[in-house]
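> Here is my input; please provide its structure:
(chains A, B and C)
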Amino acid sequence: MSWTDERVERLTKMWNEGQSASQIAKDLGGVTRNAVIGKVHRLGLSNRTTGEPEPVAAEPEPVAAEPAAAEPSAPEEPVATVPEPVEAAPAPRRQMIVPAGQPLPPQPSANEISPEALETVREVEKNAKRLSLMELTERTCKWPIGDPAGENFWFCGLGVQSGKPYCEAHVGVAFQPMSSRRDRRR
DNA sequence: CCCTGATTCGC
DNA sequence: GCGAATCAGG
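Presented below is the predicted three-dimensional model:
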């Protein structure tokens, strides 16, 4: 694959939209995220949303002559007066921890969960990996354990069941199809 | 472990 | 110019 105008265009657009290099790579196909990043750099759009001039303070590379002689010049040489305005809000990089509609589960409470499931869950929670929010990925169980308002709060973090947001045990209690539901024939 | 972008350097 | 390998960080 080569960087045709179309592909470069797509790359530029997606990059400016904040897409990650790997996402762009997947979208374009035929390239790896490294290729994308490399191209991004070569194009000079490593960062910035709207072409930020950002004067690269061309350091005139002072001719460090240093003639050792008494230089009668003013002692205060404001050369380092960088027009640094104010560190405005940086890049609005958005990283979705929890991709899409992967609703956090309702804590097992007054739900109709099979006793066995609750049992295994207890077991699982004992050796949960206690991951923090940042450590969650698409492959870690996102089942919350503890009180979100307290300090004793973490996520299960065990390996998930392909695709699902939770580990096997938690999937069991999260997605209770409608088996144990009492027959509508009440 | 999974991911992110940044850099380097042989091709 | 290209991108794999590597680095640095979360």
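
> and after the lowest-mean-pLDDT helix or strand in chain A, which helix or strand comes next?
Lowest mean confidence among the helices and strands of chain A (mean pLDDT, DSSP states H and E): helix A:115-126, at a mean of 70. With elements assigned by DSSP states H and E, the helix or strand that comes after helix A:115-126 is strand A:144-146.

> Now the next helix or strand after that next one: buried residues?
Note on strand A:144-146: by DSSP H and E, the next helix or strand toward the C-terminus is strand A:153-155. If you call a residue buried by 16 or more other CB atoms under 10 Å, then strand A:153-155 has these buried ones: A:154, A:155. Glycine gets a C-beta too; all of them are placed from N, C-alpha and C.

> Point out the residues in chain A that sit beside DNA strand C.
Residues of chain A lying close to DNA strand C by CB under 7 Å from any atom of the strand are A:1-3, A:31-32, A:34-35, A:37-39, A:42, A:134, A:137.

> what about the helices in chain A?
A:5-16, A:21-28, A:33-42, A:115-126, A:168-174 (DSSP state H).

> Name the residues of chain A found near DNA strand B, please.
A:19-23, A:33-34, A:37-38, A:40-41, A:46-47, A:95, A:135, A:137, A:139.

> Now do the contacts for the nearest residue to residue A:46 once chain neighbours are set aside.
Excluding its sequence neighbours, the residue lying closest to residue A:46 (CB to CB, 6 or more residues apart in numbering) is residue A:40, at 5.9 Å. By CB atoms under 8 Å, 6 or more residues apart in numbering, the residues touching residue A:40 are A:11, A:15, A:21, A:46.
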